[in-house]
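**Student:** Got a predicted model here, sequence first, then my questions.
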Amino acid sequence: EPEVTQTPSHQVTQMGQEVILRCVPISNHLYFYWYRQILGQKVEFLVSFYNNEISEKSEIFDDQFSVERPDGSNFTLKIRSTKLEDSAMYFCASSAGQNHYGYTFGSGTRLTVV
Amino acid sequence: AQSVAQPEDQVNVAEGNPLTVKCTYSVSGNPYLFWYVQYPNRGLQFLLKYITGDNLVKGSYGFEAEFNKSQTSFHLKKPSALVSDSALYFCAVRDPSGGSYIPTFGRGTSLIVHP
């Protein structure tokens, strides 16, 4: 069964540092997403990406965040200057369509900002 | 605005007994509803969805969910729980008339099935 792959599984970074979280979506999917879950809280939408541009983003996704699909397979989330409150589990997901398709999620990257 | 609530942080059930994981939603129109499951150290896996049609939806691993419009609920059920069903379950809702294609997820409910 095809999987969404995320690396690293756990990253510790110092406050103010830049981090890049990486994802390899399912190869024939067209829509890509980043979500995050702060411990004990809801799974929150960050951004969706289609046809090499952002299609939707939440208020969480401010200027500190950016996404990129640098080649035909990777999808990255960059946090420019991390804050303590960025500590969370970050999930990448992909889907074949966007209307009522289920998403396939990766296993997540646990980001700890110290 | 669309929102979803999972009122129970944890559900405990004995193996072989029926299980229910609760979900209620709020949308302005007719909802699209989803359930996902997350096993330890894995990503969320799609279980089932309700878009339209029969209120009882069957999904993976023997799970089903019943859409109840009057109660704005979409509870996940299974007639006979297995220890291997122990996982974190997420409900999600999307309002197709809301202009966004992005579903809103709940906080998750931890299901623990005891042998």
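**Tutor:** Looks like it came in fine.

**Student:** switch to C-alpha atoms for all contacts and neighbour counts from now on
**Tutor:** OK.

**Student:** Mind checking which residue lies nearest the centre of chain A?
**Tutor:** Closest to where the C-alpha atoms of chain A average out (Cα atoms, centre = their mean) is A:W34, at 3.1 Å.

**Student:** Please report how far that one lies from chain B.
**Tutor:** 11 Å (Cα to the nearest Cα, to the nearest Å).

**Student:** which residues does that residue bridge with?
**Tutor:** A:V47, A:C92 (DSSP bridges).

**Student:** I figured it hits A:I54, correct?
**Tutor:** No - if you go by Cα atoms under 8 Å, A:W34 and A:I54 don't touch, sitting 11.1 Å apart.

**Student:** shared neighbours of those two, which are they?
**Tutor:** A:V47, A:S48 (Cα atoms under 8 Å, 6 or more residues apart in numbering or on different chains).

**Student:** The helix or strand bottoming out on mean pLDDT in chain A near chain B anywhere?
**Tutor:** Lowest on mean pLDDT, DSSP states H and E among the helices and strands of chain A sits strand A:104-105, with a mean of 90. Yes - counting by Cα under 8 Å from any Cα of the partner chain, chain B is contacted by strand A:104-105 at A:T104, A:F105.

**Student:** Please apply the same query to stretch A:19-32.
**Tutor:** No - using Cα under 8 Å from any Cα, stretch A:19-32 never reaches chain B; the gap is at least 10.9 Å.

**Student:** Output that stretch as PDB, nothing but the C-alphas.
**Tutor:** Extracted in PDB, the C-alpha atoms of stretch A:19-32 (Å, rounded to 0.1, in the frame of the first residue of the first chain):
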ATOM      1  CA  VAL A  19      14.000  23.900  10.300                       C
ATOM      2  CA  ILE A  20      12.900  22.100   7.200                       C
ATOM      3  CA  LEU A  21      10.500  19.200   7.500                       C
ATOM      4  CA  ARG A  22      10.400  16.800   4.600                       C
ATOM      5  CA  CYS A  23       7.700  14.700   3.000                       C
ATOM      6  CA  VAL A  24       7.400  12.400   0.100                       C
ATOM      7  CA  PRO A  25       3.700  12.300  -0.900                       C
ATOM      8  CA  ILE A  26       2.100   9.400  -2.800                       C
ATOM      9  CA  SER A  27       3.300   9.600  -6.400                       C
ATOM     10  CA  ASN A  28       0.000  10.000  -8.200                       C
ATOM     11  CA  HIS A  29      -1.600  12.400  -5.700                       C
ATOM     12  CA  LEU A  30      -2.000  16.000  -6.700                       C
ATOM     13  CA  TYR A  31      -2.900  17.700  -3.500                       C
ATOM     14  CA  PHE A  32      -0.500  18.100  -0.600                       C
END
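
**Student:** Identify all contacting residues around that stretch.
**Tutor:** A:2-8, A:13, A:48-51, A:73-82, A:92-98, A:106, A:109.

**Student:** Could you list the buried residues of that stretch?
**Tutor:** Under the neighbour-count criterion of 16 or more other Cα atoms under 10 Å in any protein chain shown, stretch A:19-32 has A:V19, A:I20, A:L21, A:R22, A:C23, A:V24, A:P25, A:I26, A:L30, A:Y31, A:F32 buried.
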